[in-house]
Structures are given as C-alpha cells and as structure tokens.
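Engineer: Pasting a predicted model and its sequence here:
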Amino acid sequence: MLEEIREQPAVLERTLREGLRAADRLARAVAAQRPKLILLAARGTSDNAAQFARYLLEIATGIPVSLAAPSIFTLYRATVDLRGALAVAISQSGESVDTNLVLERAREQGALTVGITNEPRSSLARLADHVFLVRAGRERSVAATKTYTGQLLMSYLLACALGARIRVRDLERIPDWTQAALRLEPDISRRAERYRFMERAVVVGRGLNYANAFEFALKLMETCYVQADRFSAADFLHGPIAMVERSFPVFLFAAPGATWPGMREMLEKLDALKAETLVLTDASHREAKSRRFAVCVPARIAGELLTPVPYIVPAQLFAAYLAEQKDLDPDRPRTLSKITRTL
C-alpha cells in the first residue's frame, strides 16, 4: 500500500498525458448533441470517485448527474429511459458485473457510454464506446490508492470533454502537488501512533471533498478495522454530532472556498465539545493550517476545485501507518479480495 501511494505522482502524470486523447475523442462525439443527463455507475472505492465526479460535473458543466443504483437494473430488471444520456462506469478492474450491466443496459437504451478503468483488456474496456484508461499499472494492495486518484483525474478530463472551463495546465500541476503531499509521510507516521487504540471515528467533508470523506473512512475501515462514519458537514450538524464527546476522533477535509465557512463553524462546535480533531488542508489556506492539529499539504493549491487529489494522500498515508501501529497488514484485509463481483 505504501509503495503504491508513493507511485501516485508518476501515475497521475502518465494518466493525464495519455488521457487527453480520450477526452478529445469524447469531446468530438458530444459536440453535435450534448448529453442531457450523466449517469455514473460504480462500487467501492470507485463509487467514491463517482461521488467526486458528480460534484465536479454538475459544478463545472451544469449537466444533471445521477449515481446509478445497480440493483434497479440487476435485481429489479427495470427499464430506464436513458436516451440522450451519457452513462459512465468506473471500475478499477473493469470486471464489476453489476456496473458493467448498467452500462450495457444504458447502451441498449440509446445512451453514449464511457468506461473509466485501469485494465485495458477488461470487460468494461470492451463494452464502452469511449475508454478512459487510468495508467496505474498493476495494483497489488487490496486497498486501492493510485487507482482512486487516477479516477479523480479522469473525472477532470471527462468534465473537459463536456465543455468545462478547466485548464489543462492547472491539471498538469496535480502530480507536483501530490508529490508535495508525500513529503508529509514522516509527520503522518508519527501522528498515527497517537491513534493506535482508536476504534471509532468520524470523517467530515463537503462539496468537492465529500468523496474524500467517504474514501478516507473506507480506508480506515478496511485496513485498520476502525468503525468510521462519514458525513457532509451539513448533515453532521443535523444529528450525528450528538455522538461526539471529549477526545472523540473527528477528521475534517478543510479546503478554502465555498465550503470553508460551514467547516469553520463545525470546528468551533467540535472545539467546544473537546473532540480530537485533525484537519487536512494546504498551504494556501492560512486560517485552517494555523490550527494546532492540522495536516497541511506543503503546496499552495490553486483553488478548491483542484484540492481533492493532493488532500487524499495524507489520509491514505495515515491509514497505512495506523494499520502498522495496530499490527495489521493493510495489503491483506481479512475477508476481502482485490476484485469483488456483485449483482
């Protein structure tokens, strides 16, 4: 897991370079008829990437986005009218039976289809009209890391293909920001020791980093066996904050921009409750990085839109080192395998 976390700058650079051609091809395909709806289908870590894509695509393109419930297609065998839609399946292996079936049914209903996968010879790559390949190489750890950030990067390229005003030269800075985040590894290793006996936690994010809250919590659950709940900052205040007491661990993704005022209010409430808070932010966010317990990516990231990839790296490192503190092997979580097939 640690080796694959460290590979991410090179993976992202390679994925972006090769992915621009796929984005150009899709842009030409949608030029005549812009999709009226985008349907995203995924499971597990890929579903967290889809959650990010939902926010990004609606913010950057204005096209409504829906996250598919695969059981509607697989168990209930419902027919959904997807004419004029763009259906996107996201899968590290490309062999997720249910997400592939969603794409197949969408294609039968007249939707244009896209597959985002790390496997060029997978079932998904053969099925989709357009394939966006994450160039991560083989991912050996059961806990996905480099494929997750590769999928986030592909979501930016998908947005570009649909007309989003996202500059490629800004995307080209993401590998460097990710490399900067990796410099936090010694600090993260030391911090993890403090949480060695943690059994429960909450992870909070909002907007473009809401997906990272899901992904960080998933990593804590699958590699450290921590019962980790994840919430949007808004939803957390509508009830779940009642579970917080003195020293209760809460991890927060605190990006500058539209979500910060609500996150600041959240931190004030948590401080009053004397919770154990750990804030993940970057060097451009003066107010957040000044907090006593802050993990600050040592880079000035150019706006909230581009924070999710570098922000998840410290969280990945934390999960890997916490597993080590708990004498667990994050590469072989109990009862899990690399490919999970569900219907």
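Structural biologist: That came through fine.

Engineer: Could you use CA atoms for every contact and neighbour count after this?
Structural biologist: OK.

Engineer: And the helices in the stretch 101-250 of the chain?
Structural biologist: For the stretch 101-250 of the chain, applying DSSP state H, counting those that start in this stretch gives helices covering 123-127, 146-161, 168-171, 174-182, 185-194, 210-224, 233-237.

Engineer: Buried residues, the last one. List them.
Structural biologist: Spelled out, that is helix 233-237. Going by neighbour count (16 or more other C-alpha atoms under 10 Å), the buried part of helix 233-237 is 233, 236.

Engineer: what about this protein, any weak spots by pLDDT?
Structural biologist: 334-343 (pLDDT under 70).

Engineer: let's go with 80 and repeat that
Structural biologist: Along the chain, the parts satisfying pLDDT under 80 run over 237-239, 292, 333-343.

Engineer: The residue nearest in space to the middle of the chain: helix or strand, and which one exactly?
Structural biologist: When C-alpha atoms, centre = their mean is applied to the chain, the residue found nearest the centroid is residue 49 (3.8 Å). According to DSSP states H and E, residue 49 maps onto helix 44-61.

Engineer: From the chain's centre, how far out is the next helix or strand after that helix? Work that out for me.
Structural biologist: Moving toward the C-terminus from helix 44-61, the next helix or strand (DSSP H and E) is strand 65-67. Centroid separation between strand 65-67 and its chain, computed with C-alpha atoms, centre = their mean, to the nearest Å, is 15 Å.

Engineer: Let me have the helices of the stretch 101-250 of the chain in JSON lines, adding distance to residue 277 as columns.
Structural biologist: Listed next are the helices of the stretch 101-250 of the chain as JSON lines, based on distance: least, C-alpha to C-alpha, whole Å:
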{"stretch": "helix 123-127", "distance to residue 277": "40"}
{"stretch": "helix 146-161", "distance to residue 277": "25"}
{"stretch": "helix 168-171", "distance to residue 277": "30"}
{"stretch": "helix 174-182", "distance to residue 277": "20"}
{"stretch": "helix 185-194", "distance to residue 277": "12"}
{"stretch": "helix 210-224", "distance to residue 277": "14"}
{"stretch": "helix 233-237", "distance to residue 277": "14"}
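
Engineer: thinking again about what came up before, could you check the helix holding residue 49 and say which residues are buried?
Structural biologist: For helix 44-61, burial by neighbour count (16+ other C-alpha under 10 Å) applies to 45-60.
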